[in-house]
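Give me coordinates for this.
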Amino acid sequence: MSYEKDQGDSFFMQFKIKEALKCYLQARNRFFVDGKYESKIKTELQIAKCLVILGKKEEAIEIFNELIEETQERLMVNDYYNVVIDFAYSYLLFGEYLESIKMLKHLEEEVIESSSAEIYFKYWQTRAQILIEEHRLDEAKVIIKKLMEKSSDNTNFKPFYYELKVVEAQIYAEEGRILEAYNNINEALKYFQAQPFERAAFEKKIILSQFVEEPEETLKLIDEYLARYGTEDFLPTELEVFRIRLAIRTGKIDITKAIEKLERALLIAQSSGNKNTEADAKLLLASLYQMVNESFKSFQLYSSAREYYKKQKLEYKEAQAVFFYLPALLQRHSAAILGIGMLFAQNPNVLDNIISSTKIDKEIEWIIKVFQKYKDPVKEKMSLFFLLSYRIPFLGQGPELQESVKQIREIYKWMENHGEMYYSEMIGQFLELLDRVK
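As a prediction, this is how the structure comes out:
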């Protein structure tokens, strides 16, 4: 090894990525001059990982492709596996899930089974992470359980075990088991303390804290995270979008300022190639532009975010995007019925075209099926409420209306019984309005 490589590793472990990159570049040059090609390749892999974290996507991809070719030519089997898995994980970080899957298909599962522990765990953990993004939680659980069993009894595998605790927490969170997820995160943080993986656990803790802490406490955690790890890479952009969402929810930022900050975050996400954060920012911006009556811009942003999920074959996330934007679609539809389209778009003809091309009832029927498929009863029932409330104005005063109101009351009761207070209040307000109209 070389002094520069050791220094690079030390900086990398401390998340001083720019300093690490500088050292790795110097080490690569030294290894090349000395003809130490295996050391050069290992160092170039670290360079690629630094570039990913710094949001230099195209440069990282170029190095990864060169490394794949070189490790194959030199028959460096383990190095080849490491390159492919790290490349796949990098695509995962950038929100390019189909590319991540495509990279992993280069590897044979039978060979992975006999590889080193590091390669084995990295491969299967990446596979599980993709399944979580696709919301295929039962399949992800099978992989995580298998990995945890393999790592729990071996002292050398303890770091893998606690990394898996964090991944398992993601599954719990997706299932709504927030306290279990939070316990997992705290257990992992306690184990890792100042070790590198603490950062990933800390990030998950911030996301989960919104469910078990006051918003102010979550904002404090974000500030602590940024102070501890700095802001030189693209990952804090995700937290900035999250921070803005929290600030809006708590009324700590006005809409104009929130739009300004989100537009900046969106530009950063786009420049770094972080497509997942880009879509999150677009969805939040879409709702804000709807609030300030810039309906056409709002719809464009929503459509762009949805198209991304569709292209990546993330059916559940696409359904979530539609669900998130449904109130805006329903508002726009009501505006058209009442003949006040001018309030909601710069061009009423454009607005009419949007409404006519968006079959709201069909959209809602589709997301109900998706939420049934992915076992999300809260969004499934709330989507049914949106569908029923949308159809009520067209039913008149007959038995169909009575049946629809009965179903809405049942959904209201279910939400109350399951502690979904935000949704139960929304439905309760609608029922009160119906009673007043009667």
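
Just the element for the residue most central in space within the chain, please.
With distances taken as CA atoms, centre = their mean, the chain has Asn276 as the residue nearest its mean C-alpha position (6.0 Å). In this assignment (DSSP states H and E), Asn276 forms part of helix 275-291.

If you count neighbours, what's buried in that helix?
275-290 (16 or more other CB atoms under 10 Å). To be clear about C-beta, it is placed using only N, CA and C from the backbone, and glycine gets the same treatment.

Wait, the residue nearest to the centre of the chain touches Gly95, no?
Yes. Counting by CB atoms under 8 Å, Asn276 does reach Gly95; the two are 3.1 Å apart.

Quick check: Tyr80 touching Ile68?
Yes. The pair Tyr80 / Ile68 is scored as a contact, 7.0 Å apart, by CB under 8 Å.

More neighbours: those two, which one.
The neighbour count for Tyr80 versus Ile68, taken as other CB atoms under 10 Å, is higher for Tyr80 (22 against 17).

Below-threshold pLDDT in this structure: ranges please.
Across the chain, the ranges flagged by pLDDT under 70 are 1, 110, 194-197, 230-235, 332-358, 437-438.

biggest helix in it by residues?
In the chain, with assignment by DSSP state H, the single longest helix is helix 315-337.

CA atoms only for that one, dumped as CSV, please.
The C-alpha trace of helix 315-337 is given here as CSV (Å, rounded to 0.1, in the frame of the first residue of the first chain):
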residue,chain,number,x,y,z
GLU,A,315,-45.6,0.8,-9.5
TYR,A,316,-46.2,1.4,-5.8
LYS,A,317,-44.3,4.7,-5.9
GLU,A,318,-46.2,5.8,-9.0
ALA,A,319,-49.5,5.1,-7.2
GLN,A,320,-48.2,7.1,-4.2
ALA,A,321,-47.5,10.0,-6.5
VAL,A,322,-51.1,9.9,-7.8
PHE,A,323,-52.5,9.6,-4.3
PHE,A,324,-50.4,12.5,-3.1
TYR,A,325,-51.7,14.7,-6.0
LEU,A,326,-55.3,13.6,-5.9
PRO,A,327,-56.6,16.5,-3.9
ALA,A,328,-55.1,18.9,-6.5
LEU,A,329,-56.8,16.9,-9.3
LEU,A,330,-60.1,17.0,-7.5
GLN,A,331,-59.8,20.7,-6.8
ARG,A,332,-59.1,21.3,-10.5
HIS,A,333,-62.0,19.2,-11.5
SER,A,334,-64.3,21.1,-9.2
ALA,A,335,-63.1,24.4,-10.6
ALA,A,336,-64.0,23.3,-14.1
ILE,A,337,-67.5,22.2,-13.1
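
residues of it that come out buried?
315-326, 328-329, 332, 335-336.

so what secondary structure elements neighbour that helix?
Packing contacts for helix 315-337, counted by 3 or more CB pairs under 8 Å, 6 or more residues apart in numbering; DSSP states H and E, involve helix 275-291, helix 295-311, helix 348-357, helix 360-373, helix 377-391.

That one: how far from the chain's middle?
20 Å (CA atoms, centre = their mean, to the nearest Å).

picking up where we left off before, in contact with the residue nearest to the centre of the chain, which residues?
94-95, 238 (CB atoms under 8 Å, 6 or more residues apart in numbering).

In terms of helix, strand or coil, where does Asn293 fall?
coil (DSSP: H, G, I helix; E, B strand; the rest coil).

so how far is Ile255 from it?
Separation of Asn293 from Ile255 (CB to CB, to the nearest Å): 11 Å.

Fine by me, we can end here.
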